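need coordinates for the following:
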Amino acid sequence: MSKFCALRTDKCSPPCTSNPPSEYRENGKPEWVEWAALTPIPGDPQRTALTFIQGSKKKVTKDYEAHHLLCVACVTEMLAGEAKLREILEQTEWCINAKKNMLGMPLWGHTLQWYCDLAAGGELLENVAAPRFENVPQHDYDHNSKEGYTKEVKRSLATLAEKVAKSTDKHEEVAGTLKHDLEDLSDVYRDKLSNRGMRSGGTHNAWKKGSEHPDSDWYLPFSMANTGSAEKRTFPAPNIDSKVASKIKRLAAALLNWGAT
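So this is what the prediction gives:
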């Protein structure tokens with residue numbers, strides 16, 4: 001029975017060997033969630049920053065994203081899908097849903113809800129303090145873009161898979177090394193995202209920069225991708241059409257359609 005767990009699930013069960021059983025949503029729950037539940041949104045004191053509403057045909061509320069640092073699809077494709085690694089993986093006690101591999105992240109909706117008055121159609125607010133989730137990239141920005149975060153993780157895992165396949169050590173020894181390599185790689189990507197969230201002075205300073213210079217590099221700390229691969233976004237200044245401005249309009253329409261959470 002395999003000890004390697006690479007399946008996204010609300011609560012792990014055998015053959016996963018994690019003890020206690022891993023719960024990926026709970027393991028990825030960020031500290032700012034409890035704080036946000038009690039903090040009024042600027043411009044709308046009746047609501048909090050914990051959730052935002054989206055969807056035109058179906059009401060969807062979002063609180064946070066429990067992000068797998070080593071993504072499920074990447075691990076499945078680059079490791080679990082390799083037949084030559086199967087015996088080693090079966091002896092590797094590693095769970096993709098463990099806290100070591102989880103990071104709570106905001107989405108564009110959280111940031112736009114914080115800095116914009118969605119109840120007024122998305123009007124940009126002035127002199128807003130930084131949200132508690134500042135300096136964390138947006139989970140829905142350059143996660144799966146052409147050269148985004150997922151592509152980067154796949155390259156790292158491909159290198160690791162090649163190293164494992166070439167090893168001449170006993171399978172149980174390689175399995176122990178692989179476990180530590182995977183945990184170390186999770187730490188690497190946690191640090192990458194932390195550093196990327198600090199680009200351009202961090203997300204809060206970058207937002208203010210964008211309000212003054214819409215075509216600047218204000219978007220960088222919000223992106224999950226490395227600097228050279230981040231898709232440029234134009235700041236949603238008045239009368240400027242952009243992806244971010246379109247997102248604001250959709251959120252404002254959802255709020256009008258569904259009402260407060």
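
need the contact list for residue 169.
By Cβ atoms under 8 Å, 6 or more residues apart in numbering, the contact list for residue 169 reads residue 177. (Each C-beta comes from the backbone N, C-alpha and C, glycine too.)

secondary structure class for it?
Secondary structure for residue 169, judged by DSSP: H, G, I helix; E, B strand; the rest coil, is coil.

separation between it and residue 95?
To residue 95, residue 169 is 23 Å away according to Cβ to Cβ, to the nearest Å.

same question for residue 147.
Residue 147 is 29 Å from residue 95, by Cβ to Cβ.

what ranges does this structure have for its helices?
The residue ranges that make up the helices of the chain, judged by DSSP state H, are 24-27, 32-37, 72-75, 86-90, 108-115, 149-166, 171-196, 203-212, 243-258.

wait, which of these is closest to residue 52?
Proximity to residue 52 (Cβ to Cβ) singles out helix 108-115 among those, at 3.9 Å.

wouldn't residue 171 be in contact with residue 85 here?
No: under the criterion of Cβ atoms under 8 Å, residue 171 makes no contact with residue 85, lying 9.9 Å away.

neighbour-wise, which of those two wins?
The residue with more neighbours, out of residue 171 and residue 85, is residue 85; 21 against 17, by other Cβ atoms under 10 Å.

enumerate every residue touching that one.
Residue 85 neighbours (Cβ under 8 Å, 6+ apart): 79, 161, 164, 165.

the residue lying closest to the last one once chain neighbours are set aside: how many residues sit nearby?
So the one you mean is residue 165. Nearest residue to residue 165 in three dimensions, chain neighbours excluded: residue 84, at 5.6 Å (Cβ to Cβ, 6 or more residues apart in numbering). For residue 84, the neighbour count with other Cβ under 10 Å is 9.

what's the per-residue pLDDT of residue 84 here?
For residue 84, the pLDDT comes out at 83.
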